[in-house]
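# Need a 3D model of the sequence below.
(one chain, ligands or ions: 2)
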Amino acid sequence: QSVNCPCESQSLCRINHFTNHREVTVITEKKSDFKKWTWEGIHNVIHIVDDTESEDEADLMCYTHSKKANYGILGRSIESVLLIILQSLVKFQVDVTDEVREYLRKPTFDNWQWDDPEMLILLRQMYIDLNLVSNLNIEMPILHNWLYEIYRNYNQVPFHNFKHCFMVAQMMYGLIWLIDLPSLLDDIEIFILLTSAICHDLDHPGYNNAYQINAKTELALRYNDISPLENHHCSVAFEVLEKRHCNVMRNLSKDQYKRVREGMIRCILATDMAKHNEILNNFKSCTPSFDFNNKDHKALLLMVLLKIADISNECRPLDVAEPWLECLLQEFFNQSDIEKLEGLPVAPFMDREKVTKSSSQIGFIKFALLPLFEALGQLFPVIEKDIIGPVRNALEYYTDMQRALEEEKKKKDAESSKNGITKSNSQNKVPV
Ligand SMILES: Nc1nc2c(ncn2[C@@H]2O[C@H](COP(=O)(O)O)[C@@H](O)[C@H]2O)c(=O)[nH]1
Ligand SMILES: [Zn+2]
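Ligands and ions are numbered 1, 2, ... in the order given. As a prediction, the model looks like this:
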């Protein structure tokens, strides 16, 4: 399912067949606006608070010369990054209404109604409304710089992009309020949860760990095949945070910084689905006697919360969740197409010949999603109605869809045999 890409950069598009073409067109249309912006002009407009001016200049310039490998430039033109920065600059001045602040806490939040600069503003609002800005003494210009940098470091791939980062953060934010976590955890733990959610897929290339390992990519070699992607996301997160002008932790004590770093590393590494059952089983064994004074229990809780936020699309309304599934399948198919071309192993759940929306979701919801959500529900029954309920509905929806597909296949098979076509000749396969 390759797409004719309107942009000129064929080499990037080979990797990113599924770039958001609407956005590409919009950006191409707006390209002329950017002619008047010079790098120097941009640099003056963005109030970067930093003592190491020359380093910043180099950082900004890396877009034009692609000095760094990937780091958020996959499938994205320099103009698109600038557009976002400029729009956000204007919008960061804007206050978010009480109505939107309330809506932002709901799992029914619809990301498709919001553009990227608006999402940056909403992320900022989360830090404000959780009192992290005031209690952890986060300076507003630094928070802005950090958010731009986060935005820049997500690639424009079909699923693991900035919108996914936003949605995971938004679900985490919703859970924090729904469970009333500020009454159970301290500011540092809340900061770990939200910041890990924002950083957890930084610079994702759109190809999973299996691909990294089988294709012996730079990341697999660097991390010895051990969660290469999650190690990379985490490493990029701290690279960004280490820049003085982006260091939202710069007013924390050494001890607080250490806690944040340990917590974020633990949470982000936990998002590797290969560790799913191990983490779930550990969590289930501690929930009957969960103790908020026990460090290990709390560490597990934080990991489970991030994992839940990460895979939570199916607890969204159907019109929000289904486009996300389409994005995920696009990314899967993109990978399996390349794997076939390169002669690498192809996972059946990524193969366009074998997978449908329903087959993909039934297994995932039954065996990965629900067991995890229900384990958290044991500890916090308050999530039953708004979080677990919609997942059960989604399972029903996809089960019906699968049944309908099978019925259709049976009918077609019967028709074929009536017309003398043998079953093995039939092309109407229902993928499993
Ligand atoms: N079949 C589905 N797989 C899903 C869905 N949501 C997530 N996932 C898988 O889990 C990982 C999550 O980790 P991430 O950190 O990479 O985002 C993701 O890559 C998918 O493989 C879903 O709704 N259906
Ligand atoms: Zn993710």
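# which SSE is residue 375 in?
Assigned by DSSP states H and E, residue 375 belongs to helix 370-379.
# other SSEs contacting that helix?
helix 276-286, helix 295-310, helix 383, helix 389-418 (3 or more Cβ pairs under 8 Å, 6 or more residues apart in numbering; DSSP states H and E). C-beta coordinates here come from the backbone N, C-alpha and C atoms, glycine included.
# mind listing what's buried in it?
Neighbour-count burial for helix 370-379 flags 370, 372, 373, 374, 375, 376, 377, 379 (criterion: 16 or more other Cβ atoms under 10 Å).
# same question, stretch 159-178
Judged by neighbour count using 16+ other Cβ under 10 Å, the buried positions of stretch 159-178 are 159-176, 178.
# circling back: want to throw the buried residues of helix 370-379 into a markdown table with distance to ligand 1 and pLDDT?
Converted to a markdown table, the buried residues of helix 370-379 look like this (distance: Cβ to the nearest ligand atom, whole Å; pLDDT from 0 to 100):
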| residue | distance to ligand 1 | pLDDT |
| --- | --- | --- |
| 370 | 12 | 98 |
| 372 | 11 | 98 |
| 373 | 12 | 98 |
| 374 | 17 | 98 |
| 375 | 17 | 98 |
| 376 | 16 | 98 |
| 377 | 18 | 98 |
| 379 | 22 | 98 |
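# Considering those residues, which is situated nearest to residue 417?
residue 370 (38.3 Å; Cβ to Cβ).
# what's next to the helix holding residue 375, contact-wise?
With contact meaning Cβ atoms under 8 Å, 6 or more residues apart in numbering, helix 370-379 is reached by 276, 280, 283-284, 287-288, 290, 301, 304-305, 307-308, 311, 315, 383-384, 387-388, 391-392, 395.
# sec struct for whatever residue of the stretch 101-250 of the chain ends up closest to ligand 1, please.
Proximity of the stretch 101-250 of the chain to ligand 1 (Cβ to the nearest ligand atom) peaks at residue 201, 5.3 Å away. State at residue 201, reduced to three classes by DSSP: H, G, I helix; E, B strand; the rest coil: coil.
# what does this protein have sitting close to ligand 1?
200-201, 271, 273, 310-311, 313-314, 325, 328, 360-361, 364 (Cβ under 6 Å from any ligand atom).
# Can you get me a residue count around the closest residue to ligand 1 within the chain?
Residue nearest to ligand 1 within the chain: residue 364 (3.6 Å; Cβ to the nearest ligand atom). Look at residue 364: counted by other Cβ atoms under 10 Å, it has 19 neighbours.
# How about residue 186?
Neighbours of residue 186 under the rule other Cβ under 10 Å: 13.
# From residue 293, how far out is it?
Residue 186 sits 12 Å away from residue 293, going by Cβ to Cβ, to the nearest Å.
# Likewise for residue 162?
Distance from residue 162 to residue 293, by Cβ to Cβ: 37 Å.
# Am I right that residue 276 is in contact with residue 368?
Yes: between residue 276 and residue 368 there is a contact under Cβ atoms under 8 Å: 6.1 Å.
# related to what we said a few turns ago, tell me, which of the helices and strands packed on helix 370-379 is the model least confident about?
Among the helices and strands packed on helix 370-379, helix 389-418 has the lowest mean pLDDT, at a mean of 94.
# Make sure residue 96 is actually in contact with residue 127.
No: the criterion here is Cβ under 8 Å, and residue 96 misses it with residue 127 at 12.0 Å.
# Who has more neighbours out of these two?
Using other Cβ under 10 Å as the criterion, residue 96 and residue 127 rank with residue 127 on top: 24 against 17.
# Please identify which helix or strand holds that one.
Per DSSP H and E: helix 116-129 holds residue 127.
# Give the other helices and strands that the helix or strand just after that helix contacts.
Moving toward the C-terminus from helix 116-129, the next helix or strand (DSSP H and E) is helix 132-135. Where contact means 3+ Cβ pairs under 8 Å, 6+ apart, helix 132-135 is packed against helix 187-199.
# Which helix or strand lies directly C-terminal to the helix it packs on?
Next along the chain from helix 187-199, counting by DSSP H and E, comes helix 209-214.
# model confidence over that next one, on average?
On average, helix 209-214 scores 97.
# Just the element for residue 150, please.
According to DSSP H and E, residue 150 maps onto helix 140-152.
# Show me what that helix packs onto, helices and strands only.
Counting by 3+ Cβ pairs under 8 Å, 6+ apart, the packing neighbours recorded for helix 140-152 are helix 78-91, helix 116-129, helix 162-178, helix 228-242.
# what about the stretch 51-200 of the chain, any weak spots by pLDDT?
Scanning the stretch 51-200 of the chain for pLDDT under 70 picks out the ranges 51-76.
# then stretch 139-156 to PDB, C-alphas only?
Written as PDB, here are the backbone C-alpha positions of stretch 139-156 (Å, rounded to 0.1, in the frame of the first residue of the first chain):
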ATOM      1  CA  GLU A 139      10.700  27.900  34.800                       C
ATOM      2  CA  MET A 140       8.200  28.600  32.000                       C
ATOM      3  CA  PRO A 141      10.600  29.400  29.200                       C
ATOM      4  CA  ILE A 142      12.500  26.200  30.000                       C
ATOM      5  CA  LEU A 143       9.300  24.200  29.900                       C
ATOM      6  CA  HIS A 144       8.500  25.700  26.500                       C
ATOM      7  CA  ASN A 145      12.000  24.900  25.100                       C
ATOM      8  CA  TRP A 146      11.700  21.400  26.400                       C
ATOM      9  CA  LEU A 147       8.400  20.900  24.800                       C
ATOM     10  CA  TYR A 148       9.600  22.100  21.400                       C
ATOM     11  CA  GLU A 149      12.600  19.800  21.700                       C
ATOM     12  CA  ILE A 150      10.300  16.900  22.500                       C
ATOM     13  CA  TYR A 151       8.200  17.700  19.500                       C
ATOM     14  CA  ARG A 152      11.200  17.900  17.200                       C
ATOM     15  CA  ASN A 153      12.500  14.500  18.400                       C
ATOM     16  CA  TYR A 154       9.400  12.500  17.400                       C
ATOM     17  CA  ASN A 155       9.400  11.300  13.800                       C
ATOM     18  CA  GLN A 156       6.600  11.600  11.400                       C
END
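# Great, nothing more from me.
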